[in-house]
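Asks: can't give you the sequence, but here's the structure:
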């Protein structure tokens, strides 16, 4: 059961993290004190969809001006391949294309969609700063079938230079397009050094139409854009109207210029959305100039449907509780340190993995920062501490930081809590990077690699005020290894604790 779960979990695109309970000697008191601690823009025209579904969007005040250099204008209709064209493989459907019918357009050859295809490309565009090789792009696509979902849609992006030569081809898949829905797809593509894209072409190969087994309603609220130096982000609050948590969502962001042209995009993975419990999402999105409007499109994936099927067929459900949590802001830097304690309420079943999401919110409900990751395993009746930090956009202060956790599956296991212990824990003050030092002991009869170690800090009222994470390269069987964890806290802690855990459940016997 555990092996099957790990194969499924391979779909996750998140960072490793974990935590393990401490022994009685894993905490120590510390004295109370002060803490120290020129542009290329593709601007195609958009067609009006027959029945678009309005995505949530937000206007952006006073966007930076955009100076378009070249444009890519859609033709009245795509080209029909001639009878003398090479035959398409029988295993692949032909492509619906948004390319222009001019001599500048290179391969792949544009073809009409097969009879009965329900896909339509509504709009597309991109931007590229000529000093950089990154092209940020986006396109809108709709499924005109109002009964069936379209599964496994392939898309091909072709970028051409001023002579019509292909400088880059990028490919991807859209797992699921819901019936009667228009979504945006966004991302970035890197060209060879010195290459400039003067036009962009989007080709789509329809997949298969099938009825959908689940029909969740997913909403987006409070979309915001933060310039954040070289790494702009779009954020929003995602909520779901459904009877079970939705797992493994993909969230696309598409940025629009002053005249409604698409100038960039991005995407990220969202581990889960619990019913009636909004969670924050953060998408990196680059473009030339600041977008006038950002739209976020959360979409289910094939993994979402598979996870829902497993949840409805399973006999056991995980009982993971967040028993304590807290945070504080580091003076000067604005770094937000956070920590929380998880408890597996089952006496005989391990949970693996445990997904968690941390969201910092402003007073008006805007998402300022997020962290999504997982614990490899939560042993029976185990309490685990998890700590870390993130940064809010400059000038923004959080009003609250909350934590959501979800166990994906349960299984019996012979290993008991406490196989990794911490001791000799002490706080190491530093005006720039305070730390928690200690020792990790491995009570198993096998060597462990890449052991994750979390630090949790408490104030004089025993409230959590921050945390951190580090990795120990190796801890020998029945041996120990030293560790230091950088700590993000807003004031000097009264007490600090270390938690250690394996970074993969496959390391356990």
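Replies: Arrived safely, thanks for sending. Here the structure is a predicted model, which is why all the values come from computation and not from measurement. Numbering: from 1, shown residues only.

Asks: the stretch 301-450 of the chain: helices as residue ranges?
Replies: Counting by DSSP state H, counting those that start in this stretch, the stretch 301-450 of the chain has these helices, from start to end: 302-313.

Asks: which element is the spatially most central residue of the chain on?
Replies: Using Cα atoms, centre = their mean, the residue of the chain that lies closest to the mean C-alpha position is residue 269, 3.0 Å off. Assigned by DSSP states H and E, residue 269 belongs to strand 262-273.

Asks: and that strand, average pLDDT?
Replies: Mean pLDDT, computed over strand 262-273, is 97.

Asks: same question, stretch 171-181
Replies: Stretch 171-181 comes out with an average pLDDT of 96.

Asks: ok, now stretch 214-222?
Replies: Confidence over stretch 214-222, taken as the mean pLDDT, stands at 94.

Asks: cool, and stretch 446-456?
Replies: Stretch 446-456 carries an average pLDDT of 96.

Asks: list the buried residues for that stretch?
Replies: When neighbours are counted by 16 or more other Cβ atoms under 10 Å, the buried residues of stretch 446-456 are found to be 448, 451-456. From N, CA and C alone the C-beta is placed, and that goes for glycine too.

Asks: same deal with stretch 205-217?
Replies: Under the neighbour-count rule (16+ other Cβ under 10 Å), stretch 205-217 has 205-207, 209, 212, 214, 216 buried.

Asks: closest to residue 391 out of the residues you listed?
Replies: Comparing those against residue 391 with Cβ to Cβ picks out residue 216 as the nearest, at 31.8 Å.

Asks: for the closest one, what are phi and psi?
Replies: Torsion angles at residue 216 (phi, psi; degrees, to the nearest 10) stand at phi -80, psi 160.

Asks: what sits closest to it if chain neighbours are left out?
Replies: In space, not counting the residues next to it along the chain, residue 216 is nearest to residue 242; the distance is 4.1 Å by Cβ to Cβ, 6 or more residues apart in numbering.

Asks: hmm, back to that, beta-bridge partners for the residue nearest to the centre of the chain, please?
Replies: According to DSSP bridges, the partner residues bridging residue 269 are residue 250.

Asks: thought residue 249 was touching it, still the case?
Replies: Yes - using Cβ atoms under 8 Å, residue 269 makes contact with residue 249 at a distance of 7.5 Å.

Asks: what segments of the stretch 351-500 of the chain are strands?
Replies: For the stretch 351-500 of the chain, the strands defined by DSSP state E, counting those that start in this stretch occupy 354-361, 367-375, 383-391, 400-407, 410-412, 420-428, 435-442, 448-458, 464-475, 480-486, 488-489, 495-501.

Asks: got those strands as TSV, with distance to residue 301 columns?
Replies: Below are these laid out as TSV (distance: least, Cβ to Cβ, whole Å):
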stretch	distance to residue 301
strand 354-361	15
strand 367-375	15
strand 383-391	25
strand 400-407	16
strand 410-412	23
strand 420-428	34
strand 435-442	37
strand 448-458	27
strand 464-475	28
strand 480-486	34
strand 488-489	33
strand 495-501	28
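
Asks: let me know which of these is tucked in deepest.
Replies: For those, ranked by mean neighbour count under the definition mean count of other Cβ atoms under 10 Å, the leader is strand 488-489 at a mean of 30.

Asks: still on that earlier bit, out of the strands of the stretch 351-500 of the chain, flag the one nearest residue 331.
Replies: Nearest to residue 331 among the strands of the stretch 351-500 of the chain is strand 488-489 (10.0 Å), distances taken as Cβ to Cβ.

Asks: residues making contact with the closest one?
Replies: 35, 37, 328, 330, 335-338, 388-389, 434, 457, 465-468 (Cβ atoms under 8 Å, 6 or more residues apart in numbering).

Asks: the same query, at a cut-off of 10 Å, please.
Replies: 35, 37, 327-331, 333, 335-339, 387-391, 427, 433-434, 436, 455, 457-459, 464-468, 496 (Cβ atoms under 10 Å, 6 or more residues apart in numbering).

Asks: any common contacting residues for residue 269 and residue 249?
Replies: When contacts are counted by Cβ under 10 Å, 6+ apart, the set common to residue 269 and residue 249 consists of 281, 301, 303.

Asks: for ChimeraX, what selects the buried ones among the residues you listed?
Replies: The ChimeraX command for the buried members of the shared contacts of residue 269 and residue 249 (criterion: 16+ other Cβ under 10 Å) is given here:
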select :281,301,303
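
Asks: relative to residue 151, which of the shared contacts of residue 269 and residue 249 is nearest.
Replies: residue 301 (10.2 Å).

Asks: need the contact list for the closest one.
Replies: Residues near residue 301 by Cβ under 10 Å, 6+ apart: 11, 173-176, 246-250, 269, 307.

Asks: excluding chain neighbours, what is closest to it?
Replies: residue 175 (4.1 Å).

Asks: now that neighbour, what are its backbone angles?
Replies: Torsion angles, degrees, to the nearest 10, at residue 175: phi -60, psi -50.
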